[in-house]
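Peer 1: My questions concern the predicted model and sequence given below.
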Amino acid sequence: MNAAWARFLKSAYRREPITSFVVTVGAVDAAIGGLGERWSLFTIGLGAVGLAIALRWWMIHRSTAEVPSEAPEYYLPPSPSRPQLPNLSVSNRKHPPR
């Protein structure tokens, strides 16, 4: 496995851990079922992969469709109601001991 493939899998797992887990489990089930000629396990694995991909596709399209453009709500006024305080400067004089 090259480094680019590993980086892609890590980033996909971080973004969507549940979907990636279901795809991984489904792919392993499909591989075991296909190699062992267990067609029911193969079918369940392909179904899990298909379901996870469909769920992810639905979530992407749902999130882009539900984003209304609302005006931001500000809790503070745009300008302060009190006048601004003058800047303080530090003088180089020595202070008397206390």
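Peer 2: Ah, there it is.

Peer 1: Against residue 57, how distant is the residue minimising distance to the centre of the chain?
Peer 2: Compute the mean C-alpha point of the chain, and by C-alpha atoms, centre = their mean the closest residue is residue 15, 4.5 Å away. As defined by C-beta to C-beta, to the nearest Å, residue 15 lies at a distance of 14 Å from residue 57. All C-beta spots, glycine's among them, are computed from the backbone N, C-alpha and C.

Peer 1: what's the answer for residue 31, then?
Peer 2: Taking C-beta to C-beta as the measure, residue 31 falls 23 Å from residue 57.

Peer 1: Over to residue 77?
Peer 2: 45 Å.

Peer 1: For those two, indicate the residue with more neighbours.
Peer 2: Set residue 77 next to residue 57 and count neighbours by other C-beta atoms under 10 Å: residue 57 wins out with 11 against 7.

Peer 1: Any idea how far the helix or strand harbouring the more buried one is from the middle of the chain?
Peer 2: Secondary structure assigned from DSSP states H and E places residue 57 in helix 39-65. Here the centre of mass of C-alpha atoms in helix 39-65, compared against the chain's by C-alpha atoms, centre = their mean, to the nearest Å, lies 19 Å away.

Peer 1: Return the list of helices and strands in contact with it.
Peer 2: Helices and strands touching helix 39-65, by 3 or more C-beta pairs under 8 Å, 6 or more residues apart in numbering; DSSP states H and E, are helix 17-35.
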